[in-house]
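S.K.: what would the 3D arrangement of this be:
(one chain, ligands or ions: 2)
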Amino acid sequence: MISMTHLTKTYRMGDDEVRALDNVSFQVKRGEFVAIVGPSGSGKSTLMNMIGLLDSPDSGTYLLDGEDVSRMSDDRLAGVRNRKIGFVFQHFNLLGNMNARENVRLPLLYRGMRVAEADRLANCMLEKVGLAGREKHRPTQLSGGQQQRVAIARALAGMPEILLADEPTGALDSRTSVEIMDMLKELNAQGQTVVLITHNPELALEANRTVTIADGVLYEEAKAV
Ligand code: ADP
Ligand code: MG
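M.R.: Ligands and ions are numbered 1, 2, ... in the order given. Here you go, the predicted model:
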């Protein structure tokens, strides 16, 4: 589903050059749960922005579902991103002036779905993440774990090919983190492709496959037995 070959991304700051991605080749198959692990500054966010079509590489090829997205125009990228990627972020990124249902339905409305149908689907997704009855709560009326569940419901509502989670438990206590990780595992068991980005090697153990990134170089790891 994801096939990246020899991706390179260099940032220039005055005379300084940082190779944020150095000849990265990376594959993800449909139905996999892959963790990308690396310390701060290793290039995780840069790689996540590539996978999620928020940024383009300087060189190399990215095929998403067989479609070359490495040199697509920003407009077309936005369309593919909207259809194929569901994002989950560390800080939830919910809109504070909207309730849970309105947050979840927003991307559906962007796609042109009618309000009644978007509401129905949003309710369904909130139920799926264990938030039935909380549809009208605003983010400030929900715990951190509940807010992240809303964010997961929002990401799933568009039926994305890939759920892309960047430090999804980074702002949560350990008990709530386990709940969110269990939810990601359960979604994967139901067939959802999940890519998890984290600096925490312990969290990465929850995935079926781990790759490590250091100084922009990606290393594939053998699964521990
Ligand atoms: P991580 O998410 O693993 O902490 P990043 O992908 O954010 O790592 O950063 C990788 C490297 O690229 C770092 O050295 C960082 O300073 C540099 N970098 C990231 N974004 C930019 C940018 N917009 N401009 C210049 N340098 C950047
Ligand atoms: Mg980062």
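S.K.: give me the beta-bridge partners of Thr212?
M.R.: Following DSSP bridges, Thr212 is listed with bridge partners Val37, Tyr219.
S.K.: touching, it and Leu218? I think so.
M.R.: Yes - contact status for Thr212 versus Leu218: in contact at 7.3 Å, counting by Cβ atoms under 8 Å. For the C-beta atoms, the positions are set from N, CA and C on the backbone; glycine is no exception.
S.K.: residues shared between the contacts of these two?
M.R.: Counting by Cβ atoms under 8 Å, 6 or more residues apart in numbering, the residues touching both Thr212 and Leu218 are Ile36.
S.K.: okay, those two: which has more neighbours?
M.R.: Leu218 (21 against 17; other Cβ atoms under 10 Å).
S.K.: pLDDT value on that one, please?
M.R.: At Leu218 the predicted local confidence, pLDDT, stands at 96.
S.K.: so how far is Phe33 from it?
M.R.: Distance check for Leu218 against Phe33: by Cβ to Cβ, to the nearest Å, it reads 17 Å.
S.K.: secondary structure element for the closest residue to Leu126 other than its chain neighbours?
M.R.: Distance criterion Cβ to Cβ, 6 or more residues apart in numbering; nearest residue to Leu126, sequence neighbours excluded, is Ala153 at 5.1 Å. Under the assignment given by DSSP states H and E, the secondary-structure element containing Ala153 is helix 144-157.
S.K.: list the helices and strands that helix packs on?
M.R.: The elements that helix 144-157 packs onto, with contact taken as 3 or more Cβ pairs under 8 Å, 6 or more residues apart in numbering; DSSP states H and E, are strand 85-88, helix 100-110, helix 115-128, strand 162-166, helix 174-189.
S.K.: buried stuff in stretch 166-178?
M.R.: Asp166, Glu167, Pro168, Thr169, Ala171, Leu172, Thr176, Ser177 (16 or more other Cβ atoms under 10 Å).
S.K.: tell me the residues of this structure that contact ligand 1?
M.R.: Selection of the chain residues close to ligand 1 by Cβ under 6 Å from any ligand atom yields Tyr11, Met13, Val18, Ala20, Gly38, Ser40, Gly41, Ser42, Gly43, Lys44, Ser45, Thr46.
S.K.: go again using 5 Å as the cut-off
M.R.: Applying Cβ under 5 Å from any ligand atom, one finds that the chain approaches ligand 1 through Tyr11, Val18, Ala20, Ser40, Gly41, Ser42, Gly43, Lys44, Ser45, Thr46.
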